[in-house]
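Asks: I need the structure of the sequence given here:
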Amino acid sequence: MSEVKRFFNELKSIYYANAWHGPALKEVLSGITATQASTKPVKEGHSIWELVLHTKGWNNVFLLGLEGKIVNEPEGGDFPVINDNSEDAWKKTLAELDQHYEKLLGAISNLKDEQLNELATGKDYNFRLMLRGIINHNVYHTGQIALLKKGL
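Replies: Purely as a prediction, here's the structure:
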């Protein structure tokens, strides 16, 4: 199996199912309501919703990086402000997360192993390190969301 395929499979499993570390992000987010997603049980911490927007935003930065674009921060900022706490807005956020994941997986599936050593455009690290970072970032925030969900 190619190294790119291993990265692809790992990122897919940490989002959809069969993640080695525990429940995948989509599994953790299942059943969470907009009210629960907006709750901040840790003083000065982030809500589940904020973590989802943060993860989605950075996945998009990584996607654009894989496409050769230089982006240093998500369009909406590191932790975007939530202006609409409705169920519809929460469902839209989750749908957008799905769409961004699919785009990211699509971009990764188009990489060739020999590209992994190439420097990402405008960066001092290669695509291999970028992919490892994407995976680590998603696992880290999945764990945070899982703990917040347990505390609800």
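
Asks: Give me the mean pLDDT for stretch 77-93.
Replies: For stretch 77-93, mean pLDDT is 96.

Asks: swap in stretch 100-117?
Replies: 96.

Asks: what comes up buried for that stretch?
Replies: 100-101, 103-105, 107-108, 111, 116 (16 or more other C-beta atoms under 10 Å). In this view, the C-beta of every residue, glycine as well, is placed from N, C-alpha and C.

Asks: what does stretch 65-85 give?
Replies: Within stretch 65-85, the residues scored as buried using 16+ other C-beta under 10 Å are 65-66, 71, 74, 80, 82.

Asks: if we can go back for a sec, got the buried residues of stretch 100-117 as TSV, with distance to residue 43 columns?
Replies: Converted to TSV, these look like this (distance: C-beta to C-beta, whole Å):
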residue	distance to residue 43
100	30
101	31
103	35
104	33
105	36
107	38
108	37
111	42
116	42
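
Asks: could you measure residue 31 against residue 90, distance?
Replies: Distance, residue 31 to residue 90, by C-beta to C-beta, to the nearest Å: 12 Å.

Asks: Same check on residue 79?
Replies: For residue 79, the distance to residue 90 - C-beta to C-beta - is 16 Å.

Asks: returning to what we had before: any idea which of the buried residues of stretch 100-117 is closest to residue 151?
Replies: Nearest to residue 151 out of the buried residues of stretch 100-117 is residue 101 (C-beta to C-beta; 25.1 Å).

Asks: ok now do residue 87, which residues does it touch?
Replies: 33-34 (C-beta atoms under 8 Å, 6 or more residues apart in numbering).

Asks: how about 6 Å then?
Replies: residue 34 (C-beta atoms under 6 Å, 6 or more residues apart in numbering).

Asks: Check residue 141 too.
Replies: 51, 55.

Asks: Retrieve the pLDDT associated with it.
Replies: 97.

Asks: What helix or strand is it located in?
Replies: Using DSSP states H and E, residue 141 falls within helix 127-150.

Asks: Can you get me the centre-to-centre distance for that helix and its chain?
Replies: Centroid displacement of helix 127-150 relative to its chain, using C-alpha atoms, centre = their mean, to the nearest Å, is 7 Å.

Asks: Also stretch 116-133?
Replies: For stretch 116-133 - counting by C-alpha atoms, centre = their mean - the centre lies 17 Å from the chain centre.
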